[in-house]
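Student: Here is a sequence together with a model predicted from it:
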Amino acid sequence: MKVEIWSDVMCPFCYIGKRRFEDALQQFAHNDKVEVEWKSFQLNPNMQTDPSTNINQYLADAKGWTIDYARQMNAHVTQMAAEVGLEYNMDNAVVANSFKAHRFTHLAKKHGLGAQAEEQLFKAYFTNGKNIDDTDTLAELGQTIGLNTDEVKQALDSNQFADDVRHDIAEAQYLGIQGVPFFVMNEKYAVSGAQAVPVFVQTLDKAFEEWNAQQNKPGMTIIEGDTCDVNGKC
């Protein structure tokens with residue numbers, strides 16, 4: 001059964017949602033039959049990368065908040081992250097456009113390393129204060145998961161995988177996805193947000209039950225007769 005997850009590396013709830021979903025998957029009896037695919041989504045496609053700007057100041061300016069309120073919001077998500085074993089250092093987060101990072105994940109996905117790339121990107125952004133719009137930084141992250149650094153740099157220095165990112169974003173718009181994280185199970189059931197683990201478990205159970213029933217349906221019974229095939233043979 002396929003689970004598709006739309007997320008943005010800059011979204012604090014996406015990393016938290018990732019951990020909660022992973023916890024649910026561990027509890028799910030049929031997790032060996034689940035295929036997870038990460039999809040791209042940009043919360044702020046027009047964001048300009050600016051390592052000199054503090055994230056609290058950026059949020060205050062972008063959302064019309066006070067600096068104190070921005071700090072309170074970041075302290076809140078930091079506490080939420082700690083509850084699932086994640087360390088957020090929001091004061092060190094680098095204001096960066098995420099499009100290049102999404103291209104990086106598609107390169108990783110090509111090598112079967114999409115989930116590993118997502119984990120490293122989240123950790124780089126929220127924990128280690130790395131610039132996820134920097135090619136050298138992404139090449140280093142790629143090396144940690146087994147990618148060739150030269151391949152990463154060549155891909156990111158070109159426009160490679162840009163269409164893949166745009167396709168994911170367009171698909172999200174078609175599905176009506178307006179926020180992330182967004183989990184789609186068996187192309188039928190969706191979970192929006194960093195929900196509690198039991199919500200994910202219940203949805204996995206329901207989606208899998210229907211998916212499994214579909215797989216176990218008997219094949220078509222064919223009564224053979226005179227035909228013409230695609231090669232023109234009759």
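Tutor: Looks like it arrived, so ask away.

Student: pretty sure Val180 is in contact with Phe41, am I right?
Tutor: Yes: counting by Cβ atoms under 8 Å, Val180 touches Phe41, with 4.8 Å between them. Quick note: C-beta positions are derived from backbone N, CA and C, even for glycine.

Student: which residues are contacting stretch 18-35?
Tutor: For stretch 18-35, contacts defined as Cβ atoms under 8 Å, 6 or more residues apart in numbering pick out 1-3, 5, 7, 36, 84-86, 118-119, 122, 181, 183, 194-198, 200-201, 204-205, 208, 212.

Student: circling back to that earlier point, look at Val180 and Phe41 and report which has more neighbours.
Tutor: Legend: neighbour count by other Cβ atoms under 10 Å for Val180 and Phe41, higher for Phe41 (27 against 24).

Student: Am I right that Gln160 is in a strand?
Tutor: No: using DSSP: H, G, I helix; E, B strand; the rest coil, the secondary structure at Gln160 is coil, not a strand.

Student: Tell me the secondary structure of Lys39, please.
Tutor: Applying three-state DSSP to Lys39 yields a three-state assignment of strand.

Student: quick one, phi psi at the closest residue to Ala108 other than its chain neighbours?
Tutor: For Ala108, ignoring the flanking residues on the chain, the nearest one in space by Cβ to Cβ, 6 or more residues apart in numbering is Ala117 at 3.5 Å. As for Ala117, its main-chain torsions (degrees, to the nearest 10) stand at phi -60, psi -40.

Student: need the contact list for Ala117.
Tutor: Per Cβ under 8 Å, 6+ apart, neighbours of Ala117: Trp38, Phe104, Thr105, Leu107, Ala108, Lys109, Leu141, Gly142, Ile145.

Student: can you map out the strands along the protein?
Tutor: Per DSSP state E, the chain carries strands over the ranges 2-7, 35-40, 182-185, 189-192.

Student: if we can go back for a sec, mind giving me TSV with the contacts of Ala117 and columns for pLDDT, distance to Phe21 and neighbour count?
Tutor: Output for these, formatted as TSV (pLDDT from 0 to 100; distance: Cβ to Cβ, whole Å; neighbours: other Cβ atoms under 10 Å):
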residue	pLDDT	distance to Phe21	neighbour count
Trp38	98	11	25
Phe104	98	21	29
Thr105	98	17	28
Leu107	98	23	22
Ala108	98	19	26
Lys109	97	18	20
Leu141	98	21	25
Gly142	98	24	26
Ile145	98	19	15
